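Enquirer: test case, fold it:
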Amino acid sequence: MLQSLGLGPDVEAVYRGMLADPSGGVVELCARLGLTETQVRDGLDRLVDLDLLRPSRDSPGALRAVSPELGLELLLRRQEEDLSRRQQELARSKAAAAQAVSEFAELRPNTAVDGAERLVGMDAIQSRLEELAHGLTRECLAILPGGALSEASLEASRPLDRRALGRGIEMRSVYQDSARNDRMTLAYARWLTEEGGQVRTSPLLPPRLLIFDRTVAVVPIDPANSRLGALCTSAPGIVASLLTLFEQTWGSAVPLGADRPRPTDSRPSAAEVELLRLLASGMTDEAAGHRLGVSLRTVRRQMSALMERLQATSRFEAGLKAAQQGWL
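Expert: Model (predicted):
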């Protein structure tokens, strides 16, 4: 009953015994309480420490029990003092932590200015993404171009995605069609869907994009040069534009579990149409492959097959015939 005040069962029993009959000694207490001599003596020592037993004036050398009204009030007051002291220590610790965070922020190169933060280096980007994922309350949207994702990127994303999905966060991700050809990326995308996320693919995607709770977006500063880092912004106008871009991309993408409609003999696939458009715009094979997330060899193989289907002897002729047939 009195454990919350610091009295264990044996100590409480000794206290009750002393209140009932303070005249007996250790031996008598042992007999009445069914405790060992060690338990009784330890209980008496603890009660003296708590000021619940004091020297007797009637019997020198003996102890008397302090009344519960006074003794327990003293214990409560002592606990209140301890609590007040711990609260003061906690307040000092919070102030010291806040000061440390402030000092670290001044030393850190990646600091926010006017709702935007330039993140330089993979560690800085990963740390910011972890903070944003931890603070998610509703939704995370992602556009992930480039086809196959690196094993390091997938392993860094897995714990963040698992925690978010476990908290009921809605996750929608758009991968490039070519990701279906990479075993690890495809396995990860399937894992996401099994855990409750939604995944779609598209032959051509805008640059990488992450949006958290429709209020914060993270995009590469220069998609062609990852060393320049990423931009994290909460500016409403920018976030709204990126949300529109995501929804348009999502609407034209195909669910991961569904196959794209197979083209007829006279029509190219969506990926082939995008390849023709990119090459017709003057883009090199290598650049087109990068945009589509496929290798240079795949680009050349697909283009060769298209020229054969169009019965064209050159890429220029292939472009003309594709336009004439309404492919472009």
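
Enquirer: for L33, give me its contacts.
Expert: Neighbouring residues of L33 by CB atoms under 8 Å, 6 or more residues apart in numbering: 13-14, 17, 40. C-beta here means a position set from N, CA and C on the backbone, and glycine is covered the same way.

Enquirer: pull up the gap between the residue in the chain sticking out farthest from the centre and S23, please.
Expert: Here the centre of the chain is the reference, and by CA atoms, centre = their mean the most remote residue is D58, at 68.7 Å. Distance of D58 to S23, given as CB to CB, to the nearest Å: 10 Å.

Enquirer: tell me which residues form a beta bridge with the closest residue in space to L63 that isn't next to it in sequence?
Expert: Take L63 and drop its neighbours on the chain: the residue closest to it by CB to CB, 6 or more residues apart in numbering is L53, 4.5 Å away. Going by DSSP bridges, L53 is paired in beta bridges with A65.

Enquirer: part of a helix, is E272?
Expert: Yes: assessed by DSSP: H, G, I helix; E, B strand; the rest coil, E272 belongs to a helix.

Enquirer: where does it land on pLDDT?
Expert: On pLDDT, E272 comes in at 75.

Enquirer: try the one 5 residues further on
Expert: Among the per-residue scores, R277 holds a pLDDT of 77.

Enquirer: host element of it?
Expert: helix 270-280 (DSSP states H and E).

Enquirer: who does that helix touch, helix- and strand-wise?
Expert: Under the contact criterion of 3 or more CB pairs under 8 Å, 6 or more residues apart in numbering; DSSP states H and E, helix 270-280 touches helix 285-292, helix 296-310, helix 315-324.

Enquirer: quick one, strands of the stretch 51-200 of the chain?
Expert: For the stretch 51-200 of the chain, applying DSSP state E, counting those that start in this stretch gives strands covering 53-55, 63-65, 112-113, 116-119, 139-144, 170-176, 198-202.

Enquirer: returning to what we had before: out of the helices and strands packed on helix 270-280, the one nearest R167 is which?
Expert: Closest approach to R167 among the helices and strands packed on helix 270-280 is made by helix 285-292 (34.6 Å; CB to CB).

Enquirer: quick check: angle from that closest one to strand 170-176?
Expert: 160 degrees (axes from the mean of the first three to the mean of the last three CA atoms, to 10 degrees).

Enquirer: circling back: how many neighbours does the residue nearest to L63 have?
Expert: Using other CB atoms under 10 Å, the number of residues around L53 comes to 23.

Enquirer: just the pLDDT for T38.
Expert: Taking T38 on its own, its pLDDT is 90.

Enquirer: next: the one 10 residues further on.
Expert: The confidence metric pLDDT takes the value 84 at V48.

Enquirer: what is the burial count for it?
Expert: By the criterion of other CB under 10 Å, V48 has 13 neighbours.

Enquirer: can you tell me the closest non-neighbouring residue to it?
Expert: L63 (7.2 Å).

Enquirer: which residues touch the one you found?
Expert: By CB under 8 Å, 6+ apart, L63 lies in contact with 18, 22, 44, 48, 53-56.

Enquirer: at 10 Å what do you get?
Expert: Neighbour list for L63: 18, 22, 44, 47-48, 52-56 [criterion: CB atoms under 10 Å, 6 or more residues apart in numbering].

Enquirer: can you check A152 too?
Expert: Neighbour list for A152: M122 [criterion: CB under 10 Å, 6+ apart].

Enquirer: distance of it from P236?
Expert: 33 Å.

Enquirer: repeat for A271
Expert: 35 Å.

Enquirer: picking up where we left off before, how about the contacts of L63 in a markdown table, adding distance to A95?
Expert: Shown next, in a markdown table, are these (distance: CB to CB, whole Å):
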| residue | distance to A95 |
| --- | --- |
| M18 | 46 |
| P22 | 49 |
| L44 | 43 |
| L47 | 39 |
| V48 | 39 |
| L52 | 37 |
| L53 | 41 |
| R54 | 41 |
| P55 | 45 |
| S56 | 49 |
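
Enquirer: for the stretch 101-250 of the chain, what spans make up the helices?
Expert: Ranges of helices in the stretch 101-250 of the chain, per DSSP state H, counting those that start in this stretch, are 122-134, 151-166, 183-194, 236-252.

Enquirer: closest to V27 out of the ones you listed?
Expert: helix 151-166 (61.1 Å).

Enquirer: which residues of the chain score low on pLDDT?
Expert: Within the chain, the segments meeting pLDDT under 70 span 1-6, 90, 93-94, 96-115, 147, 257-267, 280, 308, 315-316, 323-328.

Enquirer: follow-up on the earlier one: tilt between the helix holding R277 and helix 285-292?
Expert: Orientation of helix 270-280 against helix 285-292 (the same axes, to 10 degrees) gives an angle of 140 degrees.
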